[in-house]
Structure formats: structure tokens, C-alpha cells
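[1] Have a look at this fold, sequence not included:
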Ligand code: NAD
């Protein structure tokens, strides 16, 4: 029996990196998965991988900042699998490192819309189903950048600090419902988002210096975040609620 046997899960940002690794691991552990990403080809590729691995998945191309699309992918999960037990609101963008004086309101709005309003919308539409059944696990991907300064661009860090607050506040708002809400705060992980950092370092021949700031002296890989998501999604985390858990090699402790 897998650790998510019988559970129905939505994973956003499932076309790449942390989301793809989590969708695969959730399916491997027995969940029926709705994989969501705005990149249609990428999410279809994730679904094909999962099916090849013997998992149950359905892929949806949707933008997590579009309220109508979010409502639709939650309804799709209910229609396809008869319910919803796990929401992993993971999709996000970095926006790069732009000096503050050069940042525009549009730049802020795009990052906040995807990284902060996206998880809010997913929680808004997923939670009624969970509250009705008296249980559910909601996980959001925040970041070490939301816990400490200088780990990302300004609006990115602010959006991720917002996600930490969103899960703490929502866990309290869901008082007595049985629905748990937590965040994972990854450190530096090799994914599509961080490709420019890795490509740049490799081009300079300084790959071994990436990730040296944390006590483990290395960067992380998507499956290492997926394992934390699996824990929070599963009943193993039945008493973990309202937390922002850093999975960062110890970076946030430095
Ligand atoms: P990634 O770029 O590999 O994957 C992100 C996925 O999200 C992509 O497939 C992209 O198409 C999708 N996406 C982006 N905007 C979307 C939208 N509006 N609607 C639907 N899908 C959308 O990056 P990743 O590193 O796997 O990122 C996953 C999460 O982890 C993000 O929230 C990111 O901020 C967070 N994070 C990453 C790191 C890191 O070092 N990689 C560190 C801390 C936090």
C-alpha cells in the first residue's frame, strides 16, 4: 500500500522541476493525480511519464492566476476522481533579479498574481470539498526567500513571505475543520527556474560553488522537495499544521 493510497491530489506547476517530481512521487505512492501547468506540452509529458510508471493521472493546462481556470481544475478533479484530499499549490515564477528602481507595478503584479494569488485561489476552490469531508492536506511552495532576505528578487521574496503568512493564517481560519495547511520552503534546487544560475556557473566552471552557502555544501534536487511534500500530504503528518518547513540543506539556519 502506498502512503497516498486512496487519495486524490492536485499538483500545480507539474510540468517541471519540483511539481513534476511531486506529481510522480504522489502517483507512485498510490494517489490519483491531477497534474496542472500552464505549459501544456510539459504537463502532458509529466502525465505520460506517470502513466508509464503505472500511475493514475490526468493533465490540465491552466494558469493558476486565472480564477475561472482554477475553479475548473478543482471541479475536474472532483468529476474525474470523486473528491479531493491533497492540494499542492506549487506553481511559481522567479521574475529574476531586477534592481528595485527598475521594477514596475506590472512586474510586481505578475509575480504576486502567480506566486501568492495563485495559491489563494487554489485554496479557495479546493477547501470547501475538504471541509465537507472533514479532512484534507493543503501544501504550498514558499521559499527560503520568504524566510530571510537576499535569497531572491524583491517581489519574489515578498510573494513567498506572503505564502508563509497565507498558510499560517489559513490553518487558523480552518480551525476545527480537520484540514491541514502547510508550506515547504526550498533552498536552492536545480530546476527549470534556476537553470540560468546553473548554466552560468557551469559556463564559468564553478558548478561546485553552487549551494556552498548551506551547511550541506550542495544544492538540492526536486525529489528531495517531493519527499517533504509527500510527508505533508500523507497521514504521517497528521499533527503538522500551519507550518513553513525549510528543506534547504540548512541555509535558513545560517
Ligand atoms: P520550474 O520552473 O522548474 O517549474 C515551475 C512550473 O510552474 C513550470 O512548469 C511552469 O510552467 C509552471 N507555472 C509557472 N507559472 C504558472 C502559472 N501561472 N500557471 C500554471 N503553471 C505555472 O521551477 P521550480 O523550481 O520547480 O518551482 C516550483 C516552485 O518552487 C515555485 O513556486 C518556486 O518559486 C519554488 N521554489 C523553487 C526554488 C528553486 O531553487 N528551484 C527555491 C525555492 C522555491
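    The structure has been received and is ready for your questions. All of these numbers come straight from a predicted model, not from anything done at the bench. Numbers count the residues shown, from 1 in each chain.
[2] low-scoring pLDDT stretches of this structure, where are they?
    150-152 (pLDDT under 70).
[3] Which residue lies nearest the spatial centre of it?
    Centrality entry for the chain: nearest residue to the mean C-alpha point is residue 90, 1.9 Å, by CA atoms, centre = their mean.
[4] Distance check, that one against the ligand.
    Counting by CB to the nearest ligand atom, to the nearest Å, the gap from residue 90 to the ligand is 5 Å. Using the backbone N, CA and C atoms, a C-beta is placed for each residue, glycine as well.
[5] and if you look at residue 224?
    Counting by CB to the nearest ligand atom, the gap from residue 224 to the ligand is 11 Å.
[6] What ranges does the protein have for its helices?
    17-28, 40-52, 67-81, 105-112, 118-133, 154-173, 195-204, 222-233 (DSSP state H).
[7] highest average neighbour count across those helices?
    The highest mean neighbour count among the helices of the chain, using mean count of other CB atoms under 10 Å, belongs to helix 17-28: a mean of 27.
[8] residues from the stretch 101-250 of the chain in reach of the ligand?
    Residues of the stretch 101-250 of the chain lying near the ligand by CB under 6 Å from any ligand atom: 114, 141, 143, 186, 188, 189, 191, 192, 193, 194.
[9] now the residues you listed in CSV, with neighbour count?
    Shown next, in CSV, are these (neighbours: other CB atoms under 10 Å):
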residue, neighbour count
114, 21
141, 27
143, 30
186, 27
188, 22
189, 22
191, 20
192, 16
193, 15
194, 16
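[10] Strands - which of these land there?
    Among those, the ones falling in strands (DSSP state E) are 141, 186.
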